[in-house]
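[1] Return a 3D structure for these sequence lines:
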Amino acid sequence: MNRILSIIACFVIILSSSNEAKAQFNPLKGCIVDANGDCLPNTILGALPFLRIVPDAAAGSMGDTGIATDNGNNAMHFNASKLPFMSKERGLSFTYTPWLTNIGLTDVYLIYLSGYMKLDDLQSVGTSIRFFSLGDITFTDAQGDPSGQGQPREWEIAFGYTRKLASNFSAGLSAKYMLSDLATGQTVEGIDITTATSFAADLSFTYNNEVQVGLYDSRLRIGAAITNIGNKVTYTRNTTRDFIPTNFGLGAALEMDFDEFNTFSFAFDVNKLMIPTPVSQQLKVIENGVETTVANPEWDQTGETGVADYREKPLFSGIIGSWGDAQGGFSEELQEFNYSIGVEYWYDKQFAVRAGYYFENPLKGDRQFLTVGAGLKYNVFGFDISYLVPTSNTRNPLDNTLRFSLLFDFEVFQSDN
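    Next comes the predicted model:
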């Protein structure tokens, strides 16, 4: 399938220059505005966005919740520290996620392979491999002439170790390596495109306890995780690098056993990207009752590089400062939180139905969608499926798309021995 180089160029240029357009910030409205004074989206941008794609069909059918759910197959993505509390001793899963099928693409997809194993009552280990294919592309130059073929690919390999620090509390640490090869060897406006690589770590914690909800035996889990704490990357040989999607997540899940056959779970997650908020290059101000536009001194205080200061922040300065760097103040910071809710019902631990909802502020990406799905366990194998229904005007790459996960249960063999 032919696609022009502009698909890749747009991605690269978004990371390197589009935030530097002369957008105007209106302090009276607390947002970046257009020529008519209407608020414009100020989405947080970073490199390697494929790291934030939820790779599990079960989580994908519950509004992308997963920080505290009883699902070890997505733990390496959400929260590795919950592994010691999983109901299974070990697990392995394979997930296939088609991408952009709503516009007819068939060779763009995400594959995720993950597994975990409890070493003993206190310790667990996990690993995962993520592969994102952007299909086959025919590159073209600025004049539209073919300049070669390409197969953009992105990888992530992760390993995690978790340990109980108390009977109901655990901590986890994961290490990962990421590689993004979008258009290596191509040239855009005289700039050579290279491969972006990064090393990163995840730090996570889980509280798990048996509780009584009315007459029902229940389990309460609360999880927190900071994921993708890693070095900044670049797709060119430019010294200016971009942040990868470091994320803070906080989640809770309550699982209730109504009887030996019926189980109901409710999950709620909150997430925030720990990446500096884009800063506009110009400001709207009122001088002597007249509204005028002036240069924003916070955009490039040195005036030497011609690059926005928020993009040049050191790694940890940018991560920590992301909690209070929005031009719109506290109200804009609140807009950067995303919310997920999910519910799940199991009958006899054999058949599950799931639903969920995901909300992102319209000025910070506007991803809003409903999800539904089901799960089936038969003997050695389990099967999960999810479907996404958009509820906003912003198109989602997973609009009206089915995702599939295949699970393998090793304990079946143990029970036969």
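
[2] Show me the helices in this protein, by range?
    6-16, 57-60, 75-78, 309-312, 315-321, 330-335, 411-416 (DSSP state H).

[3] Can you tell me which helix or strand of the protein has the lowest average pLDDT?
    helix 6-16 (a mean of 41; mean pLDDT, DSSP states H and E).

[4] quick one: the strands in the stretch 1-150 of the chain?
    Under the criterion DSSP state E, counting those that start in this stretch, the stretch 1-150 of the chain carries strands at the ranges 24-26, 31-33, 90-98, 109-118, 123-133, 137-140, 146-150.

[5] wait, which of the ones you listed is closest to Asn228?
    Of all those, it is strand 123-133 that lies closest to Asn228, at 11.8 Å by C-beta to C-beta. All C-beta atoms are positioned from the backbone trio N, CA, C, and that covers glycine.

[6] Turn the strands of the stretch 1-150 of the chain into a markdown table, including distance to Thr162, mean neighbour count and mean pLDDT.
    Shown next, in a markdown table, are these (distance: least, C-beta to C-beta, whole Å; neighbours: other C-beta atoms under 10 Å; pLDDT from 0 to 100):
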| stretch | distance to Thr162 | mean neighbour count | mean pLDDT |
| --- | --- | --- | --- |
| strand 24-26 | 43 | 21 | 70 |
| strand 31-33 | 41 | 21 | 70 |
| strand 90-98 | 14 | 20 | 91 |
| strand 109-118 | 9 | 20 | 94 |
| strand 123-133 | 5 | 20 | 95 |
| strand 137-140 | 39 | 20 | 78 |
| strand 146-150 | 39 | 15 | 76 |
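
[7] and the residue most central in space within the chain, what pLDDT?
    The centre of the chain sits closest to Arg52, judged by C-alpha atoms, centre = their mean, with a distance of 1.9 Å. pLDDT for Arg52: 93.

[8] for it, what are its contacts?
    The contact partners of Arg52, taken as C-beta atoms under 8 Å, 6 or more residues apart in numbering, are 245, 247.

[9] Now do it against Asp64, distance only.
    10 Å (C-beta to C-beta, to the nearest Å).

[10] thinking again about what came up before, pick out the shakiest of the helices of the chain, pLDDT-wise.
    Among the helices of the chain, helix 6-16 scores lowest, at a mean of 41.

[11] wait, which of the strands of the stretch 1-150 of the chain is closest to Ala171?
    strand 123-133 (11.2 Å).

[12] tilt between the closest one and strand 109-118?
    Interaxial angle of strand 123-133 relative to strand 109-118 (axes from the mean of the first three to the mean of the last three C-alpha atoms, to 10 degrees): 170 degrees.

[13] Given strand 123-133, what are its sheet partners and their directions?
    strand 109-118 (antiparallel), strand 153-166 (antiparallel) (DSSP bridges).

[14] right, so of those strands, which gets closest to Phe132?
    Nearest to Phe132, of the strands paired with strand 123-133 and by C-beta to C-beta, is strand 153-166 at 4.2 Å.

[15] Give me the buried positions along the closest one.
    Along strand 153-166, these residues count as buried under the neighbour rule (16 or more other C-beta atoms under 10 Å): 153-154, 156, 158, 160-164.

[16] Would you mind giving the residues you listed as JSON lines with distance to Asn42 and pLDDT added?
    Listed next are these as JSON lines, based on distance: C-beta to C-beta, whole Å; pLDDT from 0 to 100:
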{"residue": "Arg153", "distance to Asn42": "30", "pLDDT": "92"}
{"residue": "Glu154", "distance to Asn42": "26", "pLDDT": "95"}
{"residue": "Glu156", "distance to Asn42": "27", "pLDDT": "97"}
{"residue": "Ala158", "distance to Asn42": "31", "pLDDT": "97"}
{"residue": "Gly160", "distance to Asn42": "34", "pLDDT": "96"}
{"residue": "Tyr161", "distance to Asn42": "38", "pLDDT": "97"}
{"residue": "Thr162", "distance to Asn42": "36", "pLDDT": "97"}
{"residue": "Arg163", "distance to Asn42": "40", "pLDDT": "96"}
{"residue": "Lys164", "distance to Asn42": "42", "pLDDT": "96"}
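
[17] Identify, from those, the entry nearest to Gly223.
    Nearest member of the buried residues of strand 153-166 to Gly223, counting by C-beta to C-beta, is Thr162, at 11.4 Å.

[18] ok, now how distant is that closest one from Gly66?
    On the measure of C-beta to C-beta, Thr162 and Gly66 end up 15 Å apart.

[19] Any idea which of the strands paired with strand 123-133 gets closest to Ser405?
    strand 109-118 (8.3 Å).

[20] Please save the CA atoms from that closest one in PDB.
    Extracted in PDB, the C-alpha atoms of strand 109-118 (Å, rounded to 0.1, in the frame of the first residue of the first chain):
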ATOM      1  CA  TYR A 109      -1.500  -3.200  13.700                       C
ATOM      2  CA  LEU A 110      -0.200  -3.700  17.300                       C
ATOM      3  CA  ILE A 111       0.900  -7.100  18.600                       C
ATOM      4  CA  TYR A 112       1.500  -7.600  22.300                       C
ATOM      5  CA  LEU A 113       2.900 -10.700  24.000                       C
ATOM      6  CA  SER A 114       3.100 -10.800  27.700                       C
ATOM      7  CA  GLY A 115       3.600 -13.200  30.500                       C
ATOM      8  CA  TYR A 116       4.300 -13.500  34.300                       C
ATOM      9  CA  MET A 117       5.100 -16.100  36.900                       C
ATOM     10  CA  LYS A 118       5.000 -16.100  40.700                       C
END
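
[21] what's the angle from that strand to strand 90-98?
    Going by the same axes, to 10 degrees, strand 109-118 makes 170 degrees with strand 90-98.

[22] contacting residues around the closest residue to Ser93 other than its chain neighbours?
    Take Ser93 and drop its neighbours on the chain: the residue closest to it by C-beta to C-beta, 6 or more residues apart in numbering is Asn73, 3.8 Å away. By C-beta under 8 Å, 6+ apart, the contact list for Asn73 reads 56, 58, 91-93, 114, 116, 405, 407.

[23] Turn those residues into a markdown table, including distance to Thr293.
    Formatted as a markdown table, the contacts of Asn73 follow (distance: C-beta to C-beta, whole Å):
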| residue | distance to Thr293 |
| --- | --- |
| Asp56 | 47 |
| Ala58 | 50 |
| Gly91 | 57 |
| Leu92 | 58 |
| Ser93 | 53 |
| Ser114 | 50 |
| Tyr116 | 55 |
| Ser405 | 51 |
| Leu407 | 57 |
